[in-house]
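*Asks:* Predicted model and sequence below, questions to follow.
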Amino acid sequence: MSPPRIGQGLLWLGVVLSSVCVALGSETQANSTTDALNVLLLIVDDLRPSLGCYGDKLVRSPNIDQLASHSLLFQNAFAQQAVCAPSRVSFLTGRRPDTTRLYDFNSYWRVHAGNFSTIPQYFKENGYVTMSVGKVFHPGISSNHTDDSPYSWSFPPYHPSSEKYENTKTCRGPDGELHANLLCPVDVLDVPEGTLPDKQSTEQALQLLEKMKTSASPFFLAVGYHKPHIPFRYPKEFQKLYPLENITLAPDPEVPDGLPPVAYNPWMDIRQREDVQALNISVPYGPIPVDFQRKIRQSYFASVSYLDTQVGRLLSALDDLQLANSTIIAFTSDHGRQSMDLVELVSLFPTLAGLAGLQVPPRCPVPSFHVELCREGKNLLKHFRFRDLEEDPYLPGNPRELIAYSQYPRPADTPQWNSDKPSLKDIKIMGYSIRTIDYRYTVWVGFSPDEFLANFSDIHAGELYFVDSDPLQDHNMYNDSQGGDLFQLLMP
């Protein structure tokens, strides 16, 4: 099990906009609600750049690749925290985790930090009909058990009824019994309700698009897909696309040389799955058997291809309903492992607003807890080469001035049962990472969950990797450098 790379994600932008890619159906800005561009925001859970459009020769993703072929595709897009709820709240509000004060799944930012505006809320306040389908905000406390309704949405958000079975015993094992497994190819007709969450979400989104075809108002439709998030529960026919003999092992499975223990993720969620438990893998560094590694990769790729078919159905509907040329499509992943300049997912808010012809929210002051509408991300409109669009003065001209920031919480200096996703009260260390085109630099520092403060004089460990000479980030050079001085120089 390799360590996580803090905060890497996907992004596409255009009049198809996504965290992985965005495509342009029109190269003009809208000037009123009568000619306003619609927005389709597709949010995918835990998607790596395992796609044809990112150069993967094995994965079959024809629909997403077609979208990417006429989109602005970002190859260096970074999430601000690689945990579902904090990441989604961050890019949907355009604020960093230290501003939303959400690092886990157990608080609601409007109460905890500030009554911040969200992307859909801003579009709603500007005359759009806003709709949520599937996993957009993370369900639960972090979205007030309402997916931030009614602030963000014109109608109550839709959740597929079958999502409650995602982690239950619905996976047929080799013994013929049902298990709660990591690897879970299924016969859809045999699962509860005879369907799967992402299939239901697509059906609901298609119905909404049909209704919006004749609407006098523009729409903002966010569709959140569960796959390829674990468990890998997908229609078994997709497994046939990836024979095991064609599945290679991960190119870089070893723990990086000099990796501090605080940076290592023991993947306790995966270890709780019944098929993984049966392997009796030692914690935290025990290797997964090679044959099971191939099966994991097979099921991940199959889940991506299953997701691709759902995206294809939505894109076909846009064409059939003659909405494609008036719709911005944004396609993004909340986090995962992922040209062009370095960008951050917090830039989604100002860029979508600018593409739709809305006033781009102003840059946030520091601190901004009292400011409802502002953004901490950069406006990326300059990448679209629109002659009539004002560029963000905060975008530097020198690529070496570009920096992406991300962070990750830890409960201890060594891997333990809650290292994957500690609750706020248990966070003792925060890792802050800087990514430039030349290097990735991370410091792990003391953190007070009561005061939401990091103590940068209390450094527990550090990491420094040089991209050109060490593209897989295998050799930690922190102890050979003056890491602390470098970090102080680059902090905003």
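*Replies:* That came through fine. In this text, all values refer to a predicted model and were calculated from it rather than measured experimentally.

*Asks:* So, low pLDDT: which residues of this protein?
*Replies:* Within the chain, the stretches with pLDDT under 70 are 1-34, 335-340, 385-401, 481-492.

*Asks:* Can you find which helix in it contains the most residues?
*Replies:* The longest helix of the chain (DSSP state H) is helix 290-320.

*Asks:* Buried residues, it. List them.
*Replies:* Using 16 or more other Cβ atoms under 10 Å as the test for burial, helix 290-320 gives 292-312, 314-315, 317-318. Yep, even glycine has a C-beta here, placed from its N, CA and C like the rest.

*Asks:* domain ranges for the protein?
*Replies:* 8-395, 400-490 (automatic domain parsing).

*Asks:* wait, what's in contact with Gly431?
*Replies:* Gly431 is in contact with 6, 262-263, 407-410, 442-445, counting by Cβ atoms under 8 Å, 6 or more residues apart in numbering.

*Asks:* quick revisit: please name the strands paired to the helix or strand just after the longest helix of the chain in the sheet, noting orientation.
*Replies:* Of the helices and strands lying after helix 290-320 in sequence (DSSP states H and E), the nearest is strand 327-333. Neighbouring strands of strand 327-333 in its sheet, by DSSP bridges, are strand 8-13 (antiparallel), strand 38-44 (parallel).

*Asks:* now the strands: where do they sit in the stretch 1-150 of the chain?
*Replies:* Counting by DSSP state E, counting those that start in this stretch, the stretch 1-150 of the chain has these strands, from start to end: 8-13, 18-23, 38-44, 71-78, 129-134.

*Asks:* Contacts for the very next helix or strand once past the last one next, please.
*Replies:* Translated: strand 129-134. Heading C-terminal from strand 129-134, the first helix or strand you meet, by DSSP H and E, is strand 171-172. If you take Cβ under 8 Å, 6+ apart as the criterion, strand 171-172 is touched by 178-181, 183-184, 186-187, 190, 231, 233, 275.

*Asks:* Using PyMOL, define a selection of the buried residues within those residues.
*Replies:* In PyMOL syntax, the buried subset of those is picked out as below (16+ other Cβ under 10 Å):
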select buried, resi 179+180+181+183+184+231+233+275
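
*Asks:* picking that back up, can you tell me which of the domains of the chain is most buried?
*Replies:* Of those, the one with the most neighbours on average (mean count of other Cβ atoms under 10 Å) is domain 8-395, at a mean of 20.

*Asks:* where's it relative to the chain centroid, distance-wise?
*Replies:* In terms of Cα atoms, centre = their mean, to the nearest Å, the centre of domain 8-395 is found 5 Å from the chain centre.

*Asks:* Equivalent analysis for stretch 404-412, please.
*Replies:* 15 Å.

*Asks:* Contacts for it next, please.
*Replies:* 4, 6-8, 76, 78-83, 96-98, 103-104, 262, 342-344, 418-419, 422, 426-436, 444, 447, 492.

*Asks:* Next step: the residues you listed restricted to helices.
*Replies:* Using DSSP H, these in helices are 97-98.

*Asks:* what about the closest residue to Gly258 other than its chain neighbours, distance to Ala113?
*Replies:* Taking Cβ to Cβ, 6 or more residues apart in numbering, and ignoring the residues beside it in sequence, Gly258 has Asn476 as its nearest neighbour in space, at 3.5 Å. Computed as Cβ to Cβ, to the nearest Å, the Asn476 to Ala113 distance reads 33 Å.

*Asks:* Could you do Lys236 as well?
*Replies:* 44 Å.

*Asks:* residue ranges of the strands in the stretch 351-492 of the chain, please?
*Replies:* Along the stretch 351-492 of the chain, the segments classed as strands by DSSP E, counting those that start in this stretch run 404-410, 429-435, 439-448, 453-466.

*Asks:* closest to Pro256 out of those?
*Replies:* strand 453-466 (7.8 Å; Cβ to Cβ).

*Asks:* Taking strand 429-435 as reference, get the angle to the closest one.
*Replies:* 40 degrees (axes from the mean of the first three to the mean of the last three Cα atoms, to 10 degrees).

*Asks:* Quickly run through the sheet partners of strand 453-466, with directions.
*Replies:* strand 439-448 (antiparallel).

*Asks:* Not counting the partner strand itself, show me its contacts.
*Replies:* 5-6, 260, 262-263, 409-410, 427-435, 453-456, 458-467, 473, 483-484, 486-487, 490.

*Asks:* which residues sit in contact with Asp413?
*Replies:* 260-262, 429, 460-461.

*Asks:* Same list as before, these that is, but in TSV and with distance to Glu372 included.
*Replies:* As requested, these are exported to TSV (distance: Cβ to Cβ, whole Å):
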residue	distance to Glu372
Pro260	39
Pro261	41
Val262	36
Ile429	31
His460	35
Ala461	37
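
*Asks:* Closest one of the residues you listed to Phe219?
*Replies:* Set against Phe219, the nearest of the contacts of Asp413 by Cβ to Cβ is Ile429 (43.0 Å).

*Asks:* quick one: the closest one and His460 touch, right?
*Replies:* Yes - in this structure, Ile429 is within contact of His460 by Cβ atoms under 8 Å, at 5.5 Å.

*Asks:* Common neighbours of the two, please.
*Replies:* The contact lists of Ile429 and His460 share 262, 413, 444-446, where a contact means Cβ under 8 Å, 6+ apart.

*Asks:* Just confirm Leu92 contacts Gln121, I think it does.
*Replies:* No - using Cβ under 8 Å, Leu92 is not in contact with Gln121; the gap is 9.1 Å.

*Asks:* Could I get the contacting residues of the residue nearest the centre of the chain?
*Replies:* Using Cα atoms, centre = their mean, the residue of the chain that lies closest to the mean C-alpha position is Asp334, 1.1 Å off. If a contact means Cβ under 8 Å, 6+ apart, then Asp334 has 9, 19, 43-46, 79, 84, 87-88, 91 as its contacts.
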